[in-house]
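sequence first, predicted model second:
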Amino acid sequence: MVSLTQVAETWSSIYSSSWVLRSCLNFAHIGGLVGAGGCAIAADRATIIASRHSGAGVGHARRHPSRRVDTTPRSRSIARTAWLLASAT
């Protein structure tokens, strides 16, 4: 069985010698943060717009969400997953 120390040393040597790997992981990390933040802002904006146009307040907007509100949680989950995977390395 391989010890955690051996795995960490192997990963450290691969990571430190490959600028391409470092760049890809940094891109995934920052891209995940930016993507998740953008999805959260888009969801908030769509909810506010839906509540303004419904005329019945936020409760009505929750019962009858727009399509954009429905699709943002999936996008946000994908972005958070990319961020978590990049952070774990």
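Great, that's in hand.

now the helix or strand where Ala36 lies: how far from the chain's centre is it?
In the assignment (DSSP states H and E), Ala36 maps to helix 19-54. Helix 19-54 sits 6 Å away from the centroid of its parent chain (Cα atoms, centre = their mean, to the nearest Å).

same check, this time on stretch 11-19
Per Cα atoms, centre = their mean, the centroid offset for stretch 11-19 relative to its chain is 25 Å.

low pLDDT regions in the protein?
Residues of the chain meeting the criterion pLDDT under 70: 53-73, 88-89.

repeat that with 50
61 (pLDDT under 50).

rewinding a little: list the buried ones in the helix holding Ala36?
Neighbour-count burial for helix 19-54 flags 25, 28-29, 32-33, 35-36, 39-40, 42-43, 46-47, 50-51, 54 (criterion: 16 or more other Cβ atoms under 10 Å). C-beta coordinates here come from the backbone N, C-alpha and C atoms, glycine included.

looking at the residues you listed, which one is closest to Trp83?
Nearest to Trp83 among the buried residues of helix 19-54 is Gly32, at 2.9 Å by Cβ to Cβ.

got the contact list for the nearest residue to that closest one once chain neighbours are set aside?
Using Cβ to Cβ, 6 or more residues apart in numbering and skipping residues adjacent in sequence, the residue nearest Gly32 is Trp83, 2.9 Å away. By Cβ atoms under 8 Å, 6 or more residues apart in numbering, the residues touching Trp83 are 28-29, 32-33, 35-36.

now do the same contact list for His29.
So His29 contacts 83, 86-87 (Cβ under 8 Å, 6+ apart).

Ala86: what secondary structure?
Recorded secondary structure, Ala86: helix (DSSP: H, G, I helix; E, B strand; the rest coil).

is it true that it touches Leu25?
Yes - counting by Cβ atoms under 8 Å, Ala86 touches Leu25, with 5.2 Å between them.

from Ala28, how far off is Glu9?
Distance, Glu9 to Ala28, by Cβ to Cβ, to the nearest Å: 23 Å.
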